[in-house]
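Trainee: Provided below are the primary sequence and the corresponding predicted coordinates.
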Amino acid sequence: MAWIPGGGFTMGSDHHYPEEAPAHRVTVAGFWIDRSPVTNAQFQKFVKATGHTTVAERPADPAAYPDALPERLAPASIVFVPPPGPIGTGDPYRWWQYLPGANWRHPEGPGSSIKQRDHHPVVHVAHADAVAYAAWAGKQLPSEAEWERAAWGGVEGAEFAWGEELHPGGRPMANTFQGEFPHHNSRLDGWERTSPVGSFPPNGYGLLDMIGNVWEWTDDWYAGHAAAADDPGGCCREASIDATSQHGTIPRKVVKGGSFLCAPSYCRRYRPAARMAQGIDTSTCHMGFRCIVRS
């Protein structure tokens, strides 16, 4: 783990997506944070020790989804499946599939495996799975403010955690999507999906993959930054539900950092200030986590 010194910083941004505004000053106490996202090898050790079954490996509760067809209640998770050609970016359901049999052991669904991916971040973990791992490890999940403080690596006021250019000198600094989203990833950075942790330079605090590779769970309920600006800790403690969202009435937590699917033409969330709401019942092929220990 790496020590993140306490102090104040400007959280959020007034220059990008609306949910990042308003930029506001936040102060956090010092804390320890995992240098990398939790890997398949680390998660497998947890599962062997505890017998934990992830949300994606369990049938869904019919009472929670009364309108769902029975076959949609089978153990499943959400997988990115690139279309065969250009289709535009207006309908994400054209490249996301709710795939039975997809889980952390089978990231692309039945027939796939994590063989030779020990050092890749674990994926297909719902919020409860991340909390269970953290408790077993004697750690916690970070708040949004703690996560963002760590992601900046001591930098403030730049476009990215490493400076003003996405690819300084033509060098990819994180695992993101290059090419024509969603159908063609040119793999300029060398990877089409997840990459082993440490494949890209650390930030100023020595942290790996805070940006790109996989989105990371925080423990804050999702709410607008206008509410967070009134919270001295920068944390939104009340669940916010938007009935028009893809998650319907499912409470949502904040996830941070972007993933290997963030592209300039579609999702410019490969920045520390970026944020997204994720339903707590949801796991995907580009969602992981890391833990902290508060001093």
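Mentor: Nice, thanks for sending it over.

Trainee: all helices for this protein, in order.
Mentor: Listed in chain order, the helices of the chain (DSSP state H) span 40-50, 127-136, 144-152, 225-228.

Trainee: can you tell me the centre-most residue of this structure?
Mentor: Centroid-nearest residue in the chain: W215, 1.5 Å away (criterion: CA atoms, centre = their mean).

Trainee: what's the closest non-adjacent residue to it?
Mentor: Of all residues not flanking W215 in the chain, V255 sits nearest, at 4.4 Å (CB to CB, 6 or more residues apart in numbering). In this view, the C-beta of every residue, glycine as well, is placed from N, C-alpha and C.

Trainee: need the contact list for that neighbour.
Mentor: The neighbourhood of V255, defined by CB atoms under 8 Å, 6 or more residues apart in numbering, consists of W215, E216, W217, T218, R275, M276, A277, Q278, M287.

Trainee: okay, and which of those residues map to strands?
Mentor: W215, E216, W217, T218, M276, A277, Q278, M287 (DSSP state E).

Trainee: identify the farthest-apart pair in those.
Mentor: E216 and A277 (13.8 Å; CB to CB).

Trainee: quick one, which of the two is more surrounded?
Mentor: Neighbour count, other CB atoms under 10 Å: between E216 and A277, E216 has more, with 26 against 20.

Trainee: could you check the pLDDT of that one?
Mentor: Per-residue pLDDT puts E216 at 98.

Trainee: equivalent analysis for L73, please.
Mentor: pLDDT at L73 comes out at 88.

Trainee: what does P62 give?
Mentor: The model reports P62 with a pLDDT of 85.

Trainee: burial of G163, as a residue count?
Mentor: Per other CB under 10 Å, the neighbour tally for G163 reads 11.

Trainee: so how far is S13 from it?
Mentor: From G163 across to S13, the span is 16 Å (CB to CB, to the nearest Å).
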